[in-house]
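Novice: 3D model of this:
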Amino acid sequence: MRTWLTRGAVLAVVHAAAAVTVATLRAADPTGWTTVQALALGSLVAAAAVWAAVDGWRGLPDRGRTWVLAALVAGWGSAVLTVVGRGALVDQTGVSALGSALTGGAAFTALVVLVPAGVGLVVGPRLDRRTDPPADEEQPHRVIPPRPSPRPRAD
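Specialist: Numbers count the residues shown, from 1 in each chain. Predicted structure coming up:
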């Protein structure tokens, strides 16, 4: 399976599960769930950032395109899964909610995945760099060859 499809599908399920859980809690008691909603959104942000940082740290080829496509899959997938989950578990949400979920909701989810993934892709490759080797390790001796001169030699 392609890497972007796996990432997008997992993050779509994470976001849809969080959204349906928050909707279920808010249906039972409409007040006081702002912290839970923020934590649910934070879990998606953290998952995208950490996963992208690991991709950057591992040196995955073409990781930028992978995360753009994963964000699109996560947006559309979470929109459909959220509408289905809310319709089945929370209230009588129907097909009429699918239009706004596939436009605004999908765009929001795609940005919530793409922005932290971009940060993770920038931070990830920098995680393993050493500034100075330890003092007890010996430096290998390198012979630097002479550079060629750009001017012709005068004979």
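Novice: per-residue confidence for the spatially most central residue of the chain?
Specialist: Taking Cα atoms, centre = their mean as the criterion, Ala48 is the residue nearest the geometric centre of the chain, at 2.7 Å. Per-residue pLDDT puts Ala48 at 94.
Novice: for Gly42, same thing?
Specialist: On pLDDT, Gly42 comes in at 92.
Novice: Counting neighbours, what do you get for it?
Specialist: Other residues near Gly42 come to 13 when the count uses other Cβ atoms under 10 Å. (C-beta placed from N, C-alpha, C; glycine too.)
Novice: Secondary structure element holding it?
Specialist: Using DSSP states H and E, Gly42 falls within helix 34-58.
Novice: which SS class is Gly64?
Specialist: At Gly64, secondary structure determined by DSSP: H, G, I helix; E, B strand; the rest coil is helix.
Novice: element containing the nearest residue to it once chain neighbours are set aside?
Specialist: Excluding the flanking residues, the one nearest Gly64 by Cβ to Cβ, 6 or more residues apart in numbering is Leu121, at 6.4 Å. In this assignment (DSSP H and E), Leu121 forms part of helix 106-123.
Novice: measure the residue nearest to Gly64 to Thr6 for me?
Specialist: To Thr6, Leu121 is 17 Å away according to Cβ to Cβ, to the nearest Å.
Novice: Kindly report the same for Gly124.
Specialist: From Gly124 across to Thr6, the span is 17 Å (Cβ to Cβ).
Novice: Between the two, which has more neighbouring residues?
Specialist: Taking neighbours as other Cβ under 10 Å, Gly124 and Thr6 compare with Gly124 leading, 23 against 14.
Novice: isn't Asp55 right next to Thr66, touching?
Specialist: Yes: with contact defined as Cβ atoms under 8 Å, Asp55 counts as touching Thr66 (7.2 Å).
Novice: Gly56 contacts Asp128, correct?
Specialist: No: proximity of Gly56 to Asp128 does not meet the contact threshold set by Cβ under 8 Å, at 9.9 Å.
Novice: So for these two, which sits in the more crowded spot?
Specialist: Counted by other Cβ under 10 Å, Gly56 and Asp128 do not tie: Gly56 has more neighbours, with 23 against 10.
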